[in-house]
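Novice: Here's my sequence, what's the structure:
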Amino acid sequence: MADLKRWAKTKKMSWNLLIYRQGESEEMLPLGSLAAVTAAMNTAFPDLEWLSPDECALKVDRGFIIEWKLQGDDVQDGYTNGGFDHLKQLAALCKQEGWRIADAQEGEDIDLDDPYASFGSGGDE
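Specialist: Numbers count the residues shown, from 1 in each chain. Modelled structure (predicted):
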């Protein structure tokens, strides 16, 4: 774990996202089972490493770490450290899975069809 923290500090990972699912009446719903979320993430990010059942990392330059909030076998939401350069991939995954992404610092949802529009830049594009 100490190696991961050293790696994260050297990779300029200061941008935070909240990955969540919202019901029709705006209540928070689980993203899905841990197995389903793990499978979806592994498909979207083949180089993803699972550090524990509730934490994964994409250990590439300007990668990210996601901490998953678990309740039993369900994933309630995920909070990233980093992720801006992979926002397009994260948005595509969220759109496919029926999840949402919010800028955790601003508290606003990100447009899954044009995820970089709010920031006026192009991350990995």
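Novice: Do you have the helices of the chain handy? List them.
Specialist: For the chain, helices defined by DSSP state H occupy the ranges 2-9, 34-44, 87-97.
Novice: Tell me who's in contact with Leu90.
Specialist: Taking C-beta atoms under 8 Å, 6 or more residues apart in numbering as the criterion, Leu90 is in contact with Leu17, Ile19, Ala44, Gly83, Ile101, Pro115. Backbone N, C-alpha and C define where each C-beta goes, glycine included.
Novice: Distance check, it against Gly98.
Specialist: 14 Å (C-beta to C-beta, to the nearest Å).
Novice: can I get the helices of the chain in CSV with distance to Glu24?
Specialist: Converted to CSV, the helices of the chain look like this (distance: least, C-beta to C-beta, whole Å):
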stretch, distance to Glu24
helix 2-9, 37
helix 34-44, 21
helix 87-97, 17
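Novice: residue contacts, the closest residue to Asn42 other than its chain neighbours?
Specialist: Leaving aside its chain neighbours, Asn42 sits nearest to Leu48 (5.9 Å; criterion: C-beta to C-beta, 6 or more residues apart in numbering). By C-beta under 8 Å, 6+ apart, the contact list for Leu48 reads Met41, Asn42, Cys56, Ala57, Leu58.
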